[in-house]
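>>> Just need the structure, nothing else, for what follows:
(chains A and B)
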2 protein chains.
Amino acid sequence: MIVPVLRISCEAVTGFEFTVQKTDGLARRGELRTPHGAIQTPAFMPVGTRGAVKAVTHRELLDLGAEIILGNTYHLYLKPGDDLIARAGGLHAFIAWNRPLLTDSGGYQVFSLASMRRIREEGAEFRSHLDGSLHLLTPEKATDIQTQLGSDIAMVLDECVASTASHDEVRDAMLRSARWAGRARRRLARLRDAGEERVTITNAGQAQFGIVQGGVHPDLRTHSVQATVEIGFEGYAIGGLSVGEPPAVMYDVVAHTAPQLPHDRPRYLMGTGMPDDLIECVARGIDMFDCVLPTRNARNGQLLTSRGPLVIKNARYGEDSAPPDPGCGCYTCRNFSRAYLRHLYIAGEMTAATLSTIHNLYFYLDTMRRIREAIVFGSFEKLRQEFHQTFSRRPQL
Amino acid sequence: MIVPVLRISCEAVTGFEFTVQKTDGLARRGELRTPHGAIQTPAFMPVGTRGAVKAVTHRELLDLGAEIILGNTYHLYLKPGDDLIARAGGLHAFIAWNRPLLTDSGGYQVFSLASMRRIREEGAEFRSHLDGSLHLLTPEKATDIQTQLGSDIAMVLDECVASTASHDEVRDAMLRSARWAGRARRRLARLRDAGEERVTITNAGQAQFGIVQGGVHPDLRTHSVQATVEIGFEGYAIGGLSVGEPPAVMYDVVAHTAPQLPHDRPRYLMGTGMPDDLIECVARGIDMFDCVLPTRNARNGQLLTSRGPLVIKNARYGEDSAPPDPGCGCYTCRNFSRAYLRHLYIAGEMTAATLSTIHNLYFYLDTMRRIREAIVFGSFEKLRQEFHQTFSRRPQL
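Now for the predicted structure:
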């Protein structure tokens, strides 16, 4: 059942290097070097959808300790367009973020946002959610766009399936994703070796990650790992999770999949998740995460604290002079009360979104810092237990 | 025609002091000391409507050099309520802003926002724009609310009239405003001397400013100055301008009014204005300004630069790599291009509002810094001429 793909020899990417410095159980403490600087792993990557992490400025992200942010290829391709961004010198230059950037392939947004989509072997045809215009996103096109964006890490196009898909449907999509991965890798090699009119390489040191699919089926995950590793990428992602399956199922898939991936390459779990997910998946060997949850939930008035979610609009916080999380060291918790944040949220002030986003990202990034420290000191298991003792997913009343 | 009011002897306000350090023509370089710190004048006060300057955090305001912000009594009274804020220790504590604060009286918002209003001698009856509830704002009530908010500078309730009002209507409103000013002053004295159940004094050093009305009529302005100064306040505001009259008319009224005000008290021109208004009114003796223009226009995509307004959504900026104002030292101009700001604005990203607000406030606050320096060095007239040589109100195409 191995998909026949050519093994593409890509020149070693300049400036891209991953080293695992310490392990503690399956948890790994590493460093990922990119042309725009190093990322300490395990790392959480805030999502900067359209070239900005919503509700915060770049300097706030730097103050929070964010070392890498993610851009969405789907959004940037539609507006302002990768051609325009390439002419500006690439995404780093266009958005004035001089640290590492990762771009996704656009596949997930085609799946979740586009007003129409049709998957065929060539690629994914879809209509823009903005203006209804028709587009065809192929593995080559997704590679070209990201080459023009010039992120430090590009992702291959994969096919996302609904969480309700049958084993056969998931298998077919996984096999197609593997074929697409081969095409994406070949396209990148061609861009590097021969160049391509109309495609500007704005970051010669861009790495490309493959994506393992296969839903919640161990056999398909194993097959996908083999097919993807066979192609050979600078790093590997696990896709198709955090799409509605119970956490325990997700953890099992990660536990099954991650150890099969090359030990000397970064492992990125896409689109995950809640704070306890991060710890549980680090425990299963994951190095990188991204998720809109801390930023999106912040804008919806949900603060994620060491005790769990706090819904700031609740009347009980109307005169609560405590900070959102008394144990938190973020700008928001050092200065502002629940009562003030509730007032701002109810009044519809943008500042509510900003202060809540600052808190949520701090909590995520600080959790990752604590995880990294714990791995170095061999106390990850202790941290994990302590985290679960205080953190509950049930919103505080 | 002098309104008979009692001269109220108020204890000298602790911690409140105004000194004029230097004059240059009619322009004054001064310092206003308040219980929460000093303000260098001429000063511009960003408007923090509901206890937050829209789209920026307090630390961004401090970084910009804002020394005082303004809160709107109307908004804060309706939500979350002055009682709640008083229980939190006052507005400074509630919003965690430890620098000077000024609150208006609520009169202007009753005039511009309330869904119904009826002015009678007792006060202004209105319906909340939020829930239609009926309220009566009297001079005493406006004083009580601000006493509970505990701003460093409180304003007396005045009656605002439409810019189309006749001389007689403006006169009647001015006379009523003068009577209301006397009632507000007596109320404050009573609160200080005897206290009042249900009114918590959260800032014993709060100063109270009177407001000169009289529209565009010199005779009414002169009368209003006399009546207001007769009562005696820590400072004096000029109200009822920047409501649609041509700039030249506004400048004439300020030129007529400001020199008649006590030379040893701060003079505050309410709700003004465009950057050139600030310079022209400093030239006529004004010490303090507030206006929503820099913050509101920023959210609407209008950047105010040394050359004039720049409408960021214009297609001509689509690939413009220059900062909004190449000569500006703000965070936005030091880092971001017009093309990126245009992209964020068109995409509806909050960050567009934040970065534009940072620029506009920087431009206003930096203009005030340059004005203060010029007065000290006796070169204000030169600065004024240079400013007008480059600044144009016509938006850049």
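>>> which residue does the stretch 1-150 of chain A bring closest to chain B?
A:Ala52 (4.3 Å; CB to the nearest CB). For every residue, glycine as well, the C-beta is placed using N, CA and C.
>>> now the helices: where do they sit in the stretch 151-300 of chain A?
A:167-193, A:218-231, A:247-257, A:275-282, A:293-299 (DSSP state H, counting those that start in this stretch).
>>> So for the second one, what gets flagged as buried?
Pointing back at helix A:218-231 there. A:220-225, A:227-231 (16 or more other CB atoms under 10 Å in any protein chain shown).
>>> on that earlier part again, I'd like the helices of the stretch 151-300 of chain A as TSV, with mean pLDDT and distance to A:Gly107 appended.
Shown next, in TSV, are the helices of the stretch 151-300 of chain A (pLDDT from 0 to 100; distance: least, CB to CB, whole Å):
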stretch	mean pLDDT	distance to A:Gly107
helix A:167-193	97	9
helix A:218-231	98	15
helix A:247-257	98	19
helix A:275-282	98	21
helix A:293-299	98	20
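>>> Enumerate the residues of the stretch 201-350 of chain A near chain B.
For the stretch 201-350 of chain A, the residues in contact with chain B (CB under 8 Å from any CB of the partner chain) are A:318-319, A:321, A:331, A:335-337, A:339-340, A:343-344, A:346-347, A:349-350.
>>> Please indicate which of these are buried?
Buried among these by 16+ other CB under 10 Å: A:331, A:335-337, A:339-340, A:343-344, A:346-347, A:349-350.
>>> Quick check: can you list the domain ranges of chain A?
Residue ranges for the domains of chain A, per automatic domain parsing: A:17-291, A:298-390.
>>> Need the winner for burial among those domains.
Highest mean neighbour count among the domains of chain A (mean count of other CB atoms under 10 Å in any protein chain shown): domain A:17-291, with a mean of 21.
>>> First-to-last residue distance for it?
Domain A:17-291 has an end-to-end distance of 24 Å (CA to CA, to the nearest Å).
>>> ok now it, how far from the chain's centre?
Remark: domain A:17-291 is offset 7 Å from the chain centroid, using CA atoms, centre = their mean, to the nearest Å.
>>> swap in stretch A:346-357?
For stretch A:346-357, the distance to the chain centre is 24 Å (CA atoms, centre = their mean).
>>> ok, back up a step: which pair in the buried ones among the residues of the stretch 201-350 of chain A next to chain B has the greatest spatial separation?
Spanning the widest gap among these are A:Tyr331 and A:Ile346, at 21.2 Å by CB to CB.
>>> what about stretch A:74-84, average pLDDT?
Taken as a whole, stretch A:74-84 carries a mean pLDDT of 98.
>>> Give the closest residue to A:Tyr108 in space, chain neighbours not counted.
Among residues not flanking A:Tyr108 along the chain, A:Cys160 sits closest, at 5.5 Å (CB to CB, 6 or more residues apart in numbering or on different chains).
>>> Next one: that neighbour relative to B:Ile145, how far apart?
Using CB to CB, to the nearest Å, A:Cys160 is found at 55 Å from B:Ile145.
>>> Quick one: end-to-end distance for stretch A:367-387.
Rule used - CA to CA; the end-to-end distance of stretch A:367-387 is 9 Å.
>>> Tell me the spacing between the closest residue to A:Glu234 other than its chain neighbours and A:Thr103.
In space, and not counting its chain neighbours, A:Glu234 is closest to A:Ala207: 3.7 Å by CB to CB, 6+ apart. Plainly put, A:Ala207 is 11 Å away from A:Thr103 if you go by CB to CB.
>>> Which neighbours do these two have in common?
The contact sets of A:Ala207 and A:Thr103 overlap at A:153-154 (CB atoms under 8 Å, 6 or more residues apart in numbering or on different chains).
>>> Could you export the buried ones among the residues of the stretch 201-350 of chain A next to chain B as a markdown table, including secondary structure?
Formatted as a markdown table, these follow (DSSP: H, G, I helix; E, B strand; the rest coil):
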| residue | secondary structure |
| --- | --- |
| A:Tyr331 | helix |
| A:Asn335 | helix |
| A:Phe336 | coil |
| A:Ser337 | coil |
| A:Ala339 | helix |
| A:Tyr340 | helix |
| A:His343 | helix |
| A:Leu344 | helix |
| A:Ile346 | helix |
| A:Ala347 | helix |
| A:Glu349 | coil |
| A:Met350 | helix |
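>>> In CSV: those, plus pLDDT.
Output for these, formatted as CSV (pLDDT from 0 to 100):
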residue, pLDDT
A:Tyr331, 98
A:Asn335, 98
A:Phe336, 98
A:Ser337, 98
A:Ala339, 98
A:Tyr340, 98
A:His343, 98
A:Leu344, 98
A:Ile346, 98
A:Ala347, 97
A:Glu349, 98
A:Met350, 98
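>>> okay, those in CSV with distance to B:Ile279 next?
Formatted as CSV, those follow (distance: CB to CB, whole Å):
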residue, distance to B:Ile279
A:Tyr331, 35
A:Asn335, 35
A:Phe336, 36
A:Ser337, 40
A:Ala339, 40
A:Tyr340, 36
A:His343, 36
A:Leu344, 34
A:Ile346, 39
A:Ala347, 34
A:Glu349, 31
A:Met350, 30
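>>> Just give me the closest of those to B:Asp82.
Of all those, B:Asp82 sits closest to A:His343, with 12.5 Å by CB to CB.
>>> quick one: that closest one and B:Leu78 touch, right?
No: using CB atoms under 8 Å, A:His343 is not in contact with B:Leu78; the gap is 11.5 Å.
>>> Show me the beta-bridge partners of the most centrally placed residue in chain A.
Centre of chain A computed as the mean C-alpha position; nearest residue by CA atoms, centre = their mean is A:Asp290, 2.8 Å away. Going by DSSP bridges, A:Asp290 is paired in beta bridges with A:Met45.
>>> so it makes contact with A:Met270?
Yes: if you go by CB under 8 Å, A:Asp290 and A:Met270 touch, sitting 6.6 Å apart.
>>> For stretch A:248-259, report the contacting residues that lie outside it.
By CB under 8 Å, 6+ apart, the residues outside stretch A:248-259 that reach it are A:26, A:212, A:214-216, A:218, A:221-222, A:225, A:238, A:241-242, A:245, A:267, A:269, A:272-273, A:277, A:280-281, A:284-286.
>>> What are the boundaries of the strands in the stretch 251-397 of chain A?
Counting by DSSP state E, counting those that start in this stretch, residue ranges of the strands within the stretch 251-397 of chain A are A:267-269, A:288-290, A:302-305, A:308-311.
>>> interface residues of the stretch 51-200 of chain A facing chain B?
For the stretch 51-200 of chain A, the residues in contact with chain B (CB under 8 Å from any CB) are A:51-59, A:75, A:79-80, A:84, A:87-88, A:94-96.
>>> Give me the subset of those residues lying in helices.
Among these, the ones falling in helices (DSSP state H) are A:58-59, A:75, A:84, A:87, A:94-95.
>>> Of all pairs in those residues, which one is the farthest apart?
Farthest pair in those (CB to CB) is A:Arg59 and A:Arg87. Separation: 25.9 Å.
>>> before we move on, the earlier item: any idea which of the ones in helices among the residues of the stretch 51-200 of chain A next to chain B is closest to A:Ile201?
Taking CB to CB as the measure, A:Ile201 lies nearest A:Arg87 of those, at 13.2 Å.
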